[in-house]
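Enquirer: Model the following, please.
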Amino acid sequence: MAFKAIWLTDPQEGIPATLRDVDLPPLSHYPITLRVLYSSLNYKDALAISAKAPIVRQFPLIPGIDMVGEVIASEVEAWPVGKQVVVTGWGIGERHHGGLAEMFYAKEEWLEELPTTLSPSSAAAIGTAGLTAMLAVLELEQQGITPEQGPIIVSGASGGVGSFSTWILARLGFEVIAISGDPTSAEYLTDILGAHSVLPRSEFSAPAKKLLPEQWAGAIDCVGSHTLATILAGARRNACVVACGMAQGLDLTTSVAPFILRGIRLVGIDSVYCARRKRHQAWRRFASLLSEAPLPVSCQTITLQQTIEFADRLLTGEVRGRIIVKTAS
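Expert: The predicted structure is shown next:
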């Protein structure tokens, strides 16, 4: 069955991303066929579409690391026709065809049932960014961090993961210190997302000292490098720092001092291949939060036909917030 999709070929062939009709016969090990209702355009998707980073691991490929769809054919009893699902991670849009298409062939283990209280468009707005943020918050809770222990600092707070992290933590009663490199984002971070205060990124851009005065009881770091090292140095005794991004860099130059003198814990988040039980818990937690308050993160909806144009605009900083792609005709 032919359907429309964003189609990527090897950049060495010199063929740009295109919107085209494709016909991918279902494979025997992909027993579930979905009609894609919504996808989203993430920074990683934009890099893949523009061929500005080696995101895609095999060509040709349909990009799109997030998708929300409805089962239209299934060989698996647990996933009958008509059920709505969310798919994020598992290498889709990188090693496997992704969600920027009208149809999607899936393995059973990739699927998470869409909570009944979440609309397909809301789930697409949450996507990998929101899932990563919720997994980070759940990790802080699992490590015993509570609002009474002190503030939580969030780096990259203006970005997708950082925005969701800031909002979730504030909704849960934490005092959130947001770090942002966007001088125009202070009002958005405090008035909309609920941050208590905002610190400029420049204060975290230089190599870190081994230790700083104890300041925060926990952290969600979305950028890595010097920022993460500075956050570790300023963490309070028995704090937990969750690392889930590398926008500033993959390097981490620090010392053992925060770990052995203050008992700091550094925990990583992998939202691509994390256990299904964790995904289930994260999506149910979002459903609970959104039953109490609407999603505050700014969103705009585009069509599949607009995706390539918006990928370029996303990389040049012309668009802000979450970009939802309505894939269904």
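
Enquirer: what residue is smack in the middle of the protein?
Expert: Centroid-nearest residue in the chain, with Cα atoms, centre = their mean: residue 129, separated by 1.7 Å.

Enquirer: ok, that residue to residue 24 distance?
Expert: Spatial separation of residue 129 from residue 24 under the definition Cβ to Cβ, to the nearest Å is 27 Å. Where C-beta positions appear, they are placed from N, C-alpha and C, glycine not excepted.

Enquirer: for residue 204, same thing?
Expert: From residue 204 over to residue 24 the distance is 45 Å, taken as Cβ to Cβ.

Enquirer: on that earlier part again, tell me the phi and psi of the residue nearest to the centre of the chain?
Expert: Listed backbone geometry of residue 129 is phi -60, psi -50, with angles given as degrees, to the nearest 10.

Enquirer: What is the neighbour count of the spatially closest residue to it that is not a sequence neighbour?
Expert: Nearest non-adjacent residue to residue 129, counting by Cβ to Cβ, 6 or more residues apart in numbering: residue 160, 3.3 Å away. Counted by other Cβ atoms under 10 Å, the residues lying close to residue 160 total 25.

Enquirer: got it, and residue 30?
Expert: Counted with other Cβ under 10 Å, the burial measure for residue 30 works out to 18 neighbours.

Enquirer: next one: residue 255
Expert: The criterion is other Cβ under 10 Å. On that basis, residue 255 has 15 neighbouring residues.

Enquirer: sec struct for the residue nearest to residue 56 when sequence neighbours are not counted, please.
Expert: Excluding the flanking residues, the one nearest residue 56 by Cβ to Cβ, 6+ apart is residue 48, at 5.2 Å. Three-state secondary structure (criterion: DSSP: H, G, I helix; E, B strand; the rest coil) places residue 48 in helix.

Enquirer: Could you check the pLDDT of residue 48?
Expert: For residue 48, the model assigns a pLDDT of 92.

Enquirer: And the helices in the chain, which stretches?
Expert: In the chain, helices defined by DSSP state H lie at 43-50, 120-142, 160-171, 186-187, 225-233, 257-262, 276-290, 307-315, listed in chain order.

Enquirer: Comparing those, which comes out most buried?
Expert: Most buried of the helices of the chain by mean neighbour count (mean count of other Cβ atoms under 10 Å) is helix 160-171; its value is a mean of 27.

Enquirer: Now do that one: which elements does it pack against?
Expert: Helices and strands in packing contact with helix 160-171 are listed as helix 120-142, strand 152-154, strand 176-180, strand 216-221; criterion 3 or more Cβ pairs under 8 Å, 6 or more residues apart in numbering; DSSP states H and E.

Enquirer: Give me the residues contacting that helix.
Expert: Residues from elsewhere that reach helix 160-171, judged by Cβ atoms under 8 Å, 6 or more residues apart in numbering: 42-43, 126, 129-130, 132-134, 136-137, 152, 154-157, 176, 178, 180, 189, 193-196, 220, 222, 244-245, 289, 292-293, 296-297, 322.

Enquirer: ok, now with 7 Å
Expert: For helix 160-171, the surrounding residues in contact (Cβ atoms under 7 Å, 6 or more residues apart in numbering) are 129-130, 132-134, 136-137, 152, 154-157, 176, 178, 189, 193-195, 220, 222, 244-245, 289, 293, 296-297, 322.

Enquirer: Show the buried residues in those.
Expert: In terms of neighbour count (16 or more other Cβ atoms under 10 Å), the buried residues within the contacts of helix 160-171 are 129-130, 132-134, 136-137, 152, 154-157, 176, 178, 189, 193-195, 220, 222, 244-245, 296-297, 322.
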